[in-house]
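K.L.:
missing the sequence, but the structure's below:
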Ligand code: 5AD
Ligand code: SF4
């Protein structure tokens, strides 16, 4: 296979994969390999995969198959991300069309792996090296108005259904100085909003410039001082790691947006225990109450799993009850998918597919009611939105509300502008607005 001259990265799954994809792109570009333009054929295709549920991995393998062109040729293919970590050498047995396998903690070695593949090798690198990949990456070279920044990675929670502790490894917090300098360079390159990422971001801990030890709150208070940065968000949090300081920050840090993604997964305490979640339905609800006391307009988002092994009809009803109690602004809900190597995959009483389908449908119907009600509650309100992309209609732009709602508005404003709008219309997944004025930078 020839040395590739350009590349394309396709990221699946979570926001951290989007972030990793950007970092891989910057790394290859810094070595002189440009990203393929839209419509242009790429010599190297990197599939940055997700392993959290079954279909995502299957999708990655079928995407590999689709890389083969009509004439039988294909680009160099690198399988990256969590499927690569979990499958390691198996991936190349499953598909002869995979040249490189690179795990999420090893992608700083990508240029070297590409060289090996160009010489005919089939390198597999799923090490979790002691030297952080972040130290081996070039500085940030570009940013859109809304940027992701990984501050913590891995997870020590070991929820019994989840592969993340195995694919992303043990929980690590990036050092304070690295995070602050990456945030500064993102803002210099146009970021007005930063979302701090971690599989369990609320477990972040570190030491500031003065040597004071602190958690996410301390970091957020520091980043909020960056001129030109208007909005801060973080995701994903675990209910067992939320502290008083973080709750308080939502009450007094203006740049910290009133939005919290706090997965509950299920409403039954017996199921939560079997999931090893370290919280109960009641402790979760009390926590939400504390956030809403600090910041009354807080929007709550969540993740749900239906059909965890042994979940009875009555236990599923408890999930519906917690949805009504919280009134989620948005949510992600999934059918339980057994992941090889996780404790829940070997549990008895795996739930039948049709029962799962029925539960998912009922849950999603309820979640949609709540998100529409939340969107409707904004009609008539005025607030700033951050313009992120063009809409389909001429002159239409799409921005994000403080509560992460996609908001459509007709305006001459450009991507990266912050504009004040009035909400006229609420749809299930978006808002329609009219323009009031542009907010000065
Ligand atoms: N099956 C279904 N959903 C899962 N999630 C994690 N592991 C599984 C699994 N095995 C969901 C959880 C988590 C989100 C990222 O994905 O709800 O919060
Ligand atoms: Fe997975 Fe649980 Fe860790 Fe979230 S907290 S990444 S669900 S193990």
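P.N.:
Received, thanks. All of these numbers come straight from a predicted model, not from anything done at the bench. Numbering: from 1, shown residues only. Ligands and ions are numbered 1, 2, ... in the order given.
K.L.:
what secondary structure does the residue of the stretch 251-400 of the chain found nearest ligand 2 sit in?
P.N.:
Distances between the stretch 251-400 of the chain and ligand 2 by C-beta to the nearest ligand atom are smallest at residue 263, namely 6.8 Å. Just so you know, the C-beta spots here come from the backbone N, C-alpha and C atoms, and that holds for glycine as well. Put simply, residue 263 is coil when judged by DSSP: H, G, I helix; E, B strand; the rest coil.
K.L.:
tell me the contacts of it?
P.N.:
Residue 263 is in contact with 236, 238-239, 302-304, counting by C-beta atoms under 8 Å, 6 or more residues apart in numbering.
K.L.:
check the closest residue to residue 404 other than its chain neighbours and give its pLDDT.
P.N.:
Spatial nearest neighbour of residue 404, excluding adjacent residues (C-beta to C-beta, 6 or more residues apart in numbering): residue 259 at 5.2 Å. Model confidence at residue 259, given as pLDDT, is 98.
K.L.:
what sits against residue 259?
P.N.:
Residue 259 touches 233, 298-299, 301, 329, 402-404, counting by C-beta under 8 Å, 6+ apart.
K.L.:
what residues are bridge-paired with it?
P.N.:
Taking DSSP bridges, one finds residue 299 as the beta-bridge partners of residue 259.
K.L.:
make sure residue 425 is indeed in a helix.
P.N.:
No. Counting by three-state DSSP, residue 425 is located in no helix; its state is strand.
K.L.:
quick check: closest non-adjacent residue to it.
P.N.:
That would be residue 432: by C-beta to C-beta, 6+ apart, it lies 3.5 Å from residue 425.
K.L.:
any idea how far that neighbour lies from ligand 1?
P.N.:
As judged by C-beta to the nearest ligand atom, to the nearest Å, residue 432 and ligand 1 stand 30 Å apart.
K.L.:
and that residue, backbone torsions?
P.N.:
phi -110, psi 140 (degrees, to the nearest 10).
K.L.:
need the pLDDT of it.
P.N.:
98.
K.L.:
okay, now it: neighbour count?
P.N.:
Under the neighbour criterion other C-beta atoms under 10 Å, residue 432 is assigned a count of 17.
K.L.:
would you confirm that it contacts residue 410?
P.N.:
No. Residue 432 is beyond contact range of residue 410, at 9.7 Å (criterion: C-beta atoms under 8 Å).
K.L.:
around ligand 2, which positions in the stretch 51-200 of the chain sit nearby?
P.N.:
Residues of the stretch 51-200 of the chain lying near ligand 2 by C-beta under 6 Å from any ligand atom: 155, 157-159, 162, 164-165, 199-200.
K.L.:
circling back to that earlier point, now, of the contacts of residue 263, which are buried?
P.N.:
Buried members of those, counted by 16 or more other C-beta atoms under 10 Å: 236, 238-239, 302, 304.
K.L.:
residue in the stretch 301-441 of the chain with the shortest distance to ligand 1?
P.N.:
For the stretch 301-441 of the chain, C-beta to the nearest ligand atom, closest residue to ligand 1: residue 303, 3.3 Å.
K.L.:
sec struct for that residue, please.
P.N.:
strand.
K.L.:
quick one: pLDDT of it?
P.N.:
98.
K.L.:
who does it bridge with?
P.N.:
With DSSP bridges as the rule, residue 303 is bridged to residue 332.
K.L.:
shouldn't it be in contact with residue 323?
P.N.:
No. Residue 303 is beyond contact range of residue 323, at 12.0 Å (criterion: C-beta under 8 Å).
K.L.:
spell out which parts of the stretch 201-350 of the chain neighbour ligand 1.
P.N.:
Proximity of the stretch 201-350 of the chain to ligand 1, by C-beta under 6 Å from any ligand atom, involves residues 263, 265, 303, 305, 334, 336-337, 339.
K.L.:
if we use 8 Å, what do you get?
P.N.:
Within the stretch 201-350 of the chain, the positions adjacent to ligand 1 are 236, 263, 265, 303-305, 332-339, 342, 344 by C-beta under 8 Å from any ligand atom.
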